[in-house]
Structure formats: C-alpha cells, structure tokens
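Colleague: let's see this in three dimensions:
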Amino acid sequence: MPILSLASQAALRPAKFSAFLLVLIGLVMSGITLSSSKASAAEVLNYEDQPITASLTAAQVKKGIMRSGTARGWKRKETGPDELTAMIQVRTHTATVTISYSANTYSTMYKDSTNLKYKDGKIHGNVNKWITFLKTDIDLELNF
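Modeller: Sure thing, here's the model as predicted:
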C-alpha cells in the first residue's frame, strides 16, 4: 500500500494510523537491533603455545612467521628477542598482535586495535577471523 494512501487514511482515522506508525517504528527498531547483533563483539581469540611439528631452529621459525600473512596484508616487525608484532589494516580498522616463538611453539596474542570496539576482552568478530587466517598462514609455513 503506498505511503500517500496511508497518509490519506490517517486523516480519516488518526488513532489507527498512530498505532500503525508505532508498530512500524517498533519493527524497524527491532530490525536494527537484530542486524547490529550480528556484528556483535566476541571474546578476543589468542593462540597460545601452538606446536611446530617440523624440526626447525628459532631463526627458521622467525623467517617463516615473517613470510606468513603477507598476502592478507599483515605487516610484521621484530620487537624483541623471539618476539614479533604483526599489524593488519582494513579500511580504517587496525589490529595488532604479538607473536612470540621458539623452535617448538609460537603464540599470537592480541595487543591493540583501532576502530574495532575492543572492551573488556571483547572485540569485533572480524578480528578473530583475521587472527585465525594469520595462524593458518603461520602453520602452513612452519609445519610442512
């Protein structure tokens, strides 16, 4: 039913049209609430002590980690002994993780983010996808 038709009926039945508007507004607001809950925050996903099954030195592990994630846009830099920082930027959003490693294991731990609604250990769900993709890339590099 066209809006103009509804408006012309409103002149005849203002109480019913007002009730209709309230129901319509309620439905629209419910839809906004439901659609925003799809992008709700999730617990930050950290991968601790992930095993490296190949027989590698710590230097080889570092090289493998430095190669991983490049195709997805991750940038890495050395931040300490056996520690790297990896950062990804997607539009105006950034996520940073710390990657610690040895010859036998590695860990990716959330460090910081921008425009990803981090609060109380929760963050936008896409961050966990990005971190999981990075982990997969690291595993492919190190566990051959």
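
Colleague: counting by contacts, list what the helix or strand harbouring residue 129 packs against.
Modeller: Per DSSP states H and E: residue 129 is located in helix 125-142. The helices and strands touching helix 125-142, judged by 3 or more C-beta pairs under 8 Å, 6 or more residues apart in numbering; DSSP states H and E, are strand 41-43, strand 47-51, helix 58-67, strand 83-90, strand 93-101, strand 105-114. (Each C-beta comes from the backbone N, C-alpha and C, glycine too.)

Colleague: what's the mean pLDDT across the first one?
Modeller: Average pLDDT, strand 41-43: 93.

Colleague: just the last one next, same as before
Modeller: When the per-residue pLDDT values of strand 105-114 are averaged, the result is 98.

Colleague: which residues does that strand contact?
Modeller: Contact with strand 105-114 is made by 44-52, 61, 65, 85-86, 92-101, 123, 127, 131, 134-135, 138, 142, as judged by C-beta atoms under 8 Å, 6 or more residues apart in numbering.

Colleague: what of the shortest one?
Modeller: Strand 41-43 is contacted from outside by 117, 119, 121, 122, 123, 124, 125, 127, 128, using C-beta under 8 Å, 6+ apart.

Colleague: change it to 6 Å
Modeller: Applying C-beta atoms under 6 Å, 6 or more residues apart in numbering, the contact partners of strand 41-43 are 117, 122, 123, 125, 128.
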